[in-house]
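Novice: My questions concern the predicted model and sequence given below.
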Amino acid sequence: MQGFAAEIAGPIWLTLKLAAVTTVLLLVIGTPLAWWLARSQAWWKEAVATVVALPLVLPPTVLGFYMLVLLGPNGPGGWLAGLWGARTLAFTFEGLVIGSVFYSMPFVVQPIRNAFAAFGTRPLEVAATLRASPLDTFWTVALPLARPGLFTGAVLGFAHTVGEFGVVLMIGGNLPGTTKVLSVAIFDYVETGRWTEAHIVAGGMLVFAFAVILVMTVVEKRLARTGA
Amino acid sequence: MTGASGIAARFQGDVGGFHLDVDFEAPASGVTALFGASGSGKTTVLRCIAGLQRLDGRFSLGGEVWQDETTFRPTHTRPIGYVFQEASLFPHLSVRDNLMFGRRRAAIAPGRPEIRFDEVVSLLGIAPLLDRATTALSGGERQRVAIGRALLSQPALLLMDEPLSALDRPTKDEILPFLEGLHGALSLPVLYVSHDMAEVERLADRVVLLERGRVLGAGPLAAVQADPALPLVRRRDAAATLDAVAGEHDALYGLLTLHVDGGRLVVPAPAAAAGEHRRIRIEAGDVSLAREAPKASSITNILPARILERLEGDKGQVIVVLGLGEDGTGARLLARLTLWSWDHLELAVGQAVLAQVKGVALVPGRAEA
């Protein structure tokens, strides 16, 4: 079992790192996007919303396939990698992050968009009549009022990235320390007949998922009760 | 009328299925009511003035243009205070932080005294609420905090959109005295949207009458109320409001003498400082006319007046506009009579009559400037 602990520590660390980086990026990108989706009058905004939602229904392998093409040596990812002398973004940690951002985006954007839409225009109008500029209003009124949605989005984005498998396999493969995350490790154990280890990791992830959703629901209720 | 020194507003455009076309001016002092039925465009006008809604037009306050063909100042750069129908307090901030939200961001206009935190807090009676969460307040308390928040943003113009309409009767009565106190304590022009005539009679100095997106008339409250060309004279509760000056008090009978332009009235009321201005309200249905003084009558207030106008009322009634005094140049009074009385007394426009006033209401709390 000593060997197993050392063996699984890498994938655990990698999984947490991937999920954390992805979540932070998604909050940074997803919050303004959700704001725009909630407030814009543009006729084509639902088309954008649909693109964001695609990973909900697409097989991860389809998303993974296109990501592979985009990130590979002949795609924009290859050009980007060329900037620091690499040949491709596929099969790298950076590639995994990019894939995860797209894959988990709906889970972050949707709750934040709902939170922005929920409080309507009135608080924003009130802020404007109290001399707050639009940017000021966004920071001091919109974001605090959307706190429950931001929290839900962050938790779902993190948890969903932890549970990612198909996209990782397509664009990351199974490189220990670089792209071998927990879900891939389970797959590996099953492939090689190591059922005990598969059980431990799978069980651990089951407990993690249960705990995340339970804690999220409870905290969300509390946030809603304090009126923010 | 007021030119560069006052409020000048003109807006036109289509909003949600009706056409708005308004043009009015008001002095930059006192309370101007925008009065009309729901759907008359009152709120839209207020939102346009705040810059929350954009229609074609022009707005200026004291010569400073907020909107014209080339200018549109965004809401947050306009020195307004806006009180919405619902208090709309920020739920993520305490009462104190709500109050300070605008204060922190506001510049104090040169030449205007600062509206101070302590002053507002005591004026609105919200000191005990300061450290509470907004969710722990009653409806009336919330609206008072919202009014305080708007005042502390150091407005040059206070816009109030039916601030009492979402409240029940007792809560309204709780807030009205604060609004009246506000008027006396701060020299701040107020545009007050309302569809409640009683509220207007208590609070307003001037009225802009709106109907289906158009201005029917505008002017001092008493003039608009008694203008035969405007619809207020035909209301069931049509009334005249008069500025009265308190005189001597008869302690034995508890009667206060009030001097109005062109006459004098006696009303049951506690003593008031001589010379104090009070607003009184006399309903058209409480005024009857006589050709000569009755020999004995329980009516204490019988004033000489002259008939200025006669209008057909509904169901065999006539509405008479009177000018107080022998020559009819005093304050305006309304009387509602039956057509039968009019004909049998052989009344005519221009004739001198005696107005018998059955009821005089002192408008509560409203000391005239």
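Specialist: Everything's here; your move. Just so we're clear, the structure is a prediction, and the values are computed from it rather than from any experiment. Numbers count the residues shown, from 1 in each chain, chains lettered A, B, ... in the order given.
Novice: dump the residue contacts of B:Ala185.
Specialist: When the contact criterion is Cβ atoms under 8 Å, 6 or more residues apart in numbering or on different chains, the partners of B:Ala185 are B:Glu119, B:Leu123. Every residue, glycine included, has its C-beta placed from N, CA and C.
Novice: my bad, should have said A:Leu71
Specialist: With Cβ under 8 Å, 6+ apart as the criterion, the residues that contact A:Leu71 are A:Gly77, A:Gly78, A:Thr88, A:Leu89, A:Ala90, A:Gly95, A:Ile98, A:Gly99, A:Ile171.
Novice: List phi and psi for it.
Specialist: Backbone torsions for A:Leu71, taken as degrees, to the nearest 10, come to phi -90, psi -20.
Novice: Please list the residues of the stretch 101-250 of chain B that sit near chain A.
Specialist: For the stretch 101-250 of chain B, the residues in contact with chain A (Cβ under 8 Å from any Cβ of the partner chain) are B:Phe101, B:Gly102, B:Arg105, B:Ala106, B:Ala133, B:Thr134, B:Thr135, B:Arg149, B:Ala150, B:Ser153.
Novice: Run a quick neighbour tally on the third one.
Specialist: Read that as B:Arg105. Other residues near B:Arg105 number 17, with proximity taken as other Cβ atoms under 10 Å in any protein chain shown.
Novice: my guess is it meets A:Ala127, correct?
Specialist: No: contact criterion Cβ atoms under 8 Å: B:Arg105 and A:Ala127 do not qualify, at 9.3 Å.
Novice: where does chain B dip in pLDDT?
Specialist: Chain B contains residues with pLDDT under 70 at B:1-4, B:365-369.
Novice: State the distance from the nearest residue to A:Arg39 once chain neighbours are set aside to A:Trp35.
Specialist: Setting aside the residues directly before and after it, A:Arg39 is nearest to A:Phe116 in space (Cβ to Cβ, 6 or more residues apart in numbering or on different chains), at 7.0 Å. Taking Cβ to Cβ, to the nearest Å as the criterion, A:Phe116 is separated from A:Trp35 by 6 Å.
Novice: okay, and for chain A, where does confidence drop off?
Specialist: Low-confidence regions of chain A, defined by pLDDT under 70, span residues A:1-2, A:225-228.
Novice: so where's the longest helix in it?
Specialist: Criterion DSSP state H: the longest helix present in chain A is helix A:2-39.
Novice: between the first helix or strand past it going along the chain and helix A:2-39, how many degrees?
Specialist: For helix A:2-39, the succeeding helix or strand toward the C-terminus, using DSSP states H and E, is helix A:45-53. Relative orientation of helix A:45-53 versus helix A:2-39 (axes from the mean of the first three to the mean of the last three Cα atoms, to 10 degrees): 180 degrees.
Novice: Can you list the neighbours in contact with helix A:45-53?
Specialist: Judged by Cβ under 8 Å, 6+ apart, the contacts made with helix A:45-53 from elsewhere in the structure are A:Leu33, A:Trp36, A:Leu37, A:Met105, A:Pro106, A:Val109, A:Gln110, A:Arg113.
Novice: what's the neighbour count on the last one?
Specialist: Going back to what we said before, that points to A:Arg113. The tally of other residues near A:Arg113 (other Cβ under 10 Å) stands at 25.
Novice: again with the second one
Specialist: Counted with other Cβ under 10 Å, residues neighbouring A:Trp36 total 15.
Novice: Likewise for the third one?
Specialist: Applying other Cβ under 10 Å, we find 22 other residues in the vicinity of A:Leu37.
Novice: for chain B, what are the nearby residues on chain A?
Specialist: Contact residues (Cβ under 8 Å from any Cβ) of chain A with chain B: A:122-123, A:125-134, A:136, A:140-141, A:144-145, A:147, A:226-228.
Novice: sorry, back to before: was I right about the residue nearest to A:Arg39 contacting A:Pro144?
Specialist: No: using Cβ under 8 Å, A:Phe116 is not in contact with A:Pro144; the gap is 11.8 Å.
Novice: more crowded one of these two?
Specialist: A count of neighbours by other Cβ under 10 Å puts A:Phe116 above the other of A:Phe116 and A:Pro144, at 24 against 15.
Novice: Next, the contact list for that one, please.
Specialist: Contacts of A:Phe116 were listed using Cβ under 8 Å, 6+ apart, and they are A:Ala34, A:Trp35, A:Ala38, A:Arg39, A:Ala142, A:Ala146, A:Gly149.
Novice: Please identify which helix or strand holds it.
Specialist: Secondary structure here is read from DSSP H and E; on that basis A:Phe116 sits in helix A:93-118.
Novice: Just the angle for that helix relative to helix A:45-53, thanks.
Specialist: Following the same axes, to 10 degrees, one obtains 140 degrees for the angle between helix A:93-118 and helix A:45-53.
Novice: tell me which residues of the helix or strand following helix A:93-118 are tucked away?
Specialist: Taking DSSP H and E as the definition, the helix or strand that follows helix A:93-118 towards the C-terminus is helix A:122-129. Burial within helix A:122-129, assessed by neighbour count using 16 or more other Cβ atoms under 10 Å in any protein chain shown, is assigned to A:Pro123, A:Leu124, A:Glu125, A:Val126, A:Ala127, A:Ala128, A:Thr129.
Novice: now do stretch A:55-67
Specialist: A:Pro55, A:Leu58, A:Pro60, A:Leu63, A:Gly64, A:Phe65, A:Tyr66, A:Met67.
Novice: who touches it?
Specialist: With Cβ under 8 Å, 6+ apart as the contact definition, stretch A:55-67 has outside contacts at A:54, A:90, A:95, A:98-99, A:102-106, A:164-171.
Novice: Kindly write the ChimeraX command that selects the buried subset of these.
Specialist: For selection in ChimeraX, the members of the contacts of stretch A:55-67 meeting the burial criterion (16+ other Cβ under 10 Å) are listed in this command:
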select /A:90,95,98,99,102,103,104,105,106,164,165,166,167,168,169,170,171
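Novice: so what does the helix or strand containing B:Arg281 touch, helix or strand wise?
Specialist: Of the helices and strands defined by DSSP H and E, B:Arg281 is found in strand B:277-283. For strand B:277-283, the elements it packs on are helix B:197-203, strand B:239-250, strand B:255-260, strand B:332-338, strand B:361-367, judged by 3 or more Cβ pairs under 8 Å, 6 or more residues apart in numbering or on different chains; DSSP states H and E.
Novice: gap between B:Trp340 and B:Ile299?
Specialist: If you go by Cβ to Cβ, the gap between B:Trp340 and B:Ile299 works out to 20 Å.
Novice: try A:Val101
Specialist: Counting by Cβ to Cβ, the gap between A:Val101 and B:Ile299 amounts to 85 Å.
Novice: Name the residue in those two with the higher neighbour count.
Specialist: A direct count of neighbours by other Cβ under 10 Å for A:Val101 and B:Ile299 places A:Val101 higher, at 19 against 12.
Novice: The more buried one against A:Ile29, yeah?
Specialist: Yes: counting by Cβ under 8 Å, A:Ile29 is a contact partner of A:Val101 at 7.1 Å.
Novice: where along chain B do the helices fall?
Specialist: Assignment of helices within chain B using DSSP H yields the ranges B:42-50, B:95-105, B:117-124, B:139-152, B:169-185, B:197-203, B:221-225, B:339-344.
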